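**Student:** sequence and predicted structure, then a few things I'm wondering about:
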Amino acid sequence: MRRESLTPRPDWRAKVEALGLDFHTTDGEPYWWEAACYAFSAAEIDEIEAATEALHALCLEAVDRVVAAGDFERLLIPHDYWDWVAASWRRRDPDLYGRFDLVYDGAGPPKLLEYNADTPTALLEAAVAQWYWLEEVKPGADQFTSIHERLIAAWAELRRQHPQTGAVHFTGVSDAPEDLRTLEYMRDVCQQAGWPTQQLDIVQLGWNGRCFTDLAERPIEALFKLYPWEWMLRESFGKYLVTDCAAFIEPPWKMVLSNKAILAILWEMFPDHPNLLPAFFERDAIAGGCVEKPIHGREGADIKLIEAGAPASRKTGIYQALCPLPVFDGMHAPIGSWVVAGKSAGIGLREDRSPITTNRSRFVPHYFT
């Protein structure tokens, strides 16, 4: 694994915009960064793929244990939703996708930083934009991404499982450019799988007393939501979710995995697993420096590096052993490893001068030989 400096394509902006990636620049700074790329060996890609498959299997075991024990309180899931989440798991409501964030330098096994199991982004970049970059900039090389093809196949399988569902509605926050383009991309692959779609903003989601509806008062039979479950529960319509009048993607049981408390539960269940980092609900359980993370949070929000001997700064959260990201040319580089329909599907890399990845951290393409 190494970082290579490159000369960006002179017309890179127009080319990524043509693929739908028009949020390539933030406040004048490129988010899509092709003045560099990351190179891997085939053996390193194999190791990332195997670790991703192993971590996904561990997570499913963890859901099973949480549901069997009714251990939802530590995950901050409100009591009124416990039975609903448990029923979703017992039915094995199908999930579509997720992204493991890993620390890996090619020298030791990949380690799990966290699991974005409900609303992962950086999807269009990983599934489409970097592939077209590869074909032009690194012809003859390969890339670890079958995300696009696997998503189409996964949507086709979901349609097979729901033959009576006429259309899928897609919802999220439309005035957030990345979220909007991610929704549009997901809608596109769903349509390529042969399933009609509709799209609406989350504030336009209605309830008519019997079912959820869109602005045209059409019943919503299946809903893909790029909107976190913990936010869904707090909305005015949250109390109606338990009626199970619609199929949700991601399903309710993903609440068990879409929070950082699952990191501590995974370590309880599988201590010393080579792909896990020690994680606990108590700060005192880690003697040295650690990373303090909120139970809920995205894009690095409220994550803090705690020095050895320093106390916790919050009442609820988890504490993960410090495992510094590899640094290449001054850039910290975690790996986002995607899972589609339960299978490892590809990777995308972000980099930042800070050791904490945020929504401003660059996306950098990769290849392997």
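**Tutor:** Everything's here; your move. Numbering: from 1, shown residues only.
**Student:** leaving out sequence neighbours, find the closest residue to Trp338.
**Tutor:** In space, and not counting its chain neighbours, Trp338 is closest to Ala345: 4.6 Å by C-beta to C-beta, 6 or more residues apart in numbering. Where C-beta positions appear, they are placed from N, C-alpha and C, glycine not excepted.
**Student:** give the other helices and strands that the helix or strand of the chain with the lowest mean pLDDT contacts.
**Tutor:** Among the helices and strands of the chain, strand 304-306 carries the lowest confidence by mean pLDDT, DSSP states H and E, at a mean of 89. In terms of contacts (3 or more C-beta pairs under 8 Å, 6 or more residues apart in numbering; DSSP states H and E), strand 304-306 is packed against strand 290-293.
**Student:** partner strands of the strand it packs on, parallel or antiparallel?
**Tutor:** Taking DSSP bridges as the criterion, strand 290-293 forms sheet pairs with strand 304-306 (antiparallel), strand 318-321 (antiparallel).
**Student:** wait, which of those strands is closest to Ile77?
**Tutor:** strand 318-321 (15.1 Å; C-beta to C-beta).
**Student:** what's that closest one in contact with?
**Tutor:** Here strand 318-321 makes contact (C-beta atoms under 8 Å, 6 or more residues apart in numbering) with 113, 260-261, 263-264, 277-283, 285-286, 288, 290-293, 295, 306, 312.
**Student:** which SS state does Leu158 fall under?
**Tutor:** In three-state terms, and counting by DSSP: H, G, I helix; E, B strand; the rest coil, Leu158 is helix.
**Student:** for the nearest residue to it once chain neighbours are set aside, give me its contacts.
**Tutor:** Spatial nearest neighbour of Leu158, excluding adjacent residues (C-beta to C-beta, 6+ apart): Pro94 at 6.0 Å. By C-beta under 8 Å, 6+ apart, the contact set of Pro94 is Glu157, Leu158, Gln161, Pro251, Ala341.
**Student:** and for the helix or strand Val16 falls within, what's in contact with it?
**Tutor:** Using DSSP states H and E, Val16 maps to helix 12-18. The contact list for helix 12-18 (C-beta under 8 Å, 6+ apart) reads Arg9, Asp22, His24, Thr25, Trp32, Glu34, Ala129, Tyr132, Glu136.
**Student:** by neighbours, which of those residues wins?
**Tutor:** Highest neighbour count within those: Ala129, with 24 neighbours (other C-beta atoms under 10 Å).
**Student:** what's that residue in contact with, if anything?
**Tutor:** So Ala129 contacts Val16, Leu19, Leu21, Trp32, Phe363, Pro365 (C-beta under 8 Å, 6+ apart).
**Student:** repeat that for Glu178.
**Tutor:** Here Glu178 is in contact with Phe23, Thr121, Asn359 (C-beta under 8 Å, 6+ apart).
**Student:** name the SS class of the last one, please.
**Tutor:** In three-state terms, and counting by three-state DSSP, Asn359 is coil.
**Student:** follow-up on the earlier one: helix or strand next in line after the helix holding Val16, which one?
**Tutor:** Next along the chain after helix 12-18, with elements defined by DSSP H and E, is strand 25-26.
**Student:** for that next one, which strands pair with it and how are they oriented?
**Tutor:** strand 29-30 (antiparallel).
**Student:** show me what the strand it pairs with is in contact with.
**Tutor:** Against strand 29-30 from outside (C-beta under 8 Å, 6+ apart): His24, Arg360, Arg362.
**Student:** so which of the residues you listed is the closest to Gly106?
**Tutor:** Arg362 (20.2 Å).
**Student:** and that closest one, its phi and psi?
**Tutor:** phi -70, psi 150 (degrees, to the nearest 10).
**Student:** for His332, see how far away it is.
**Tutor:** Using C-beta to C-beta, to the nearest Å, Arg362 is found at 11 Å from His332.
**Student:** pLDDT score assigned to Gly300?
**Tutor:** Gly300 is assigned a predicted lDDT (pLDDT) of 64.
**Student:** same check on Gly209?
**Tutor:** pLDDT, Gly209: 95.
**Student:** the stretch 251-369 of the chain: strands as residue ranges?
**Tutor:** 279-280, 290-293, 304-306, 318-321, 327-328, 331-332, 335-340, 343-351, 362-364, 366-368 (DSSP state E, counting those that start in this stretch).
**Student:** on that earlier part again, and which of the contacts of strand 29-30 is nearest His56?
**Tutor:** Of the contacts of strand 29-30, the one sitting nearest to His56 (C-beta to C-beta) turns out to be Arg362, at 26.6 Å.
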